[in-house]
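In: can't give you the sequence, but here's the structure:
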């Protein structure tokens with residue numbers, strides 16, 4: 001017998017929660033590394049881009065910008081890195097606020113890397129949530 005395939009309107013789900021695509025862009029100019037982490041949100045349809053400017057391992061500047069999907073598609077360098085849930089994105093955003101204060105005066109390479117890892121969803125070993 002054919003088992004009907006489950007469709008979720010082309011959306012991926014993790015443990016019953018909807019997931020959203022996360023993109024990253026990293027490039028260096030004039031001795032500074034500019035790292036951007038972006039999430040595509042459907043309601044309202046927009047892309048939220050978190051921009052970090054890092055110089056010699058110190059977070060020099062941090063801000064968030066929101067753009068339309070069409071504007072985002074015209075931006076260079078972005079690649080899809082994972083999908084995440086809104087609850088994980090909230091943890092990421094809160095951690096980012098703490099790190100931005102903490103890292104104004106000291107090197108924070110590992111903290112920033114660990115923060116990005118929060119966005120990656122890990123499937124439980126037994127395959128259930």
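Out: Cool, the structure landed. These numbers come from a predicted model, not from an experiment. Residues are numbered from 1 along each chain as shown.

In: SS state for residue 47?
Out: The three-state label given to residue 47 by DSSP: H, G, I helix; E, B strand; the rest coil is strand.

In: next secondary structure after the least confident helix or strand in the chain by mean pLDDT?
Out: None of the helices or strands of the chain scores lower by mean pLDDT, DSSP states H and E than strand 13-14, at a mean of 76. Elements were assigned by DSSP states H and E; along the chain past strand 13-14, the next helix or strand is strand 17-18.

In: picking that back up, the least confident helix or strand of the chain pairs with which strands, and in what direction?
Out: Sheet pairing of strand 13-14 (DSSP bridges) gives strand 17-18 (antiparallel).

In: contacts for the helix or strand just after the partner strand?
Out: Note on strand 17-18: by DSSP H and E, the next helix or strand toward the C-terminus is strand 20-29. Contact with strand 20-29 is made by 33-42, 47, 75-86, 89, 116, 119, as judged by CB atoms under 8 Å, 6 or more residues apart in numbering. C-beta: built from backbone N, CA, C; applies to glycine.
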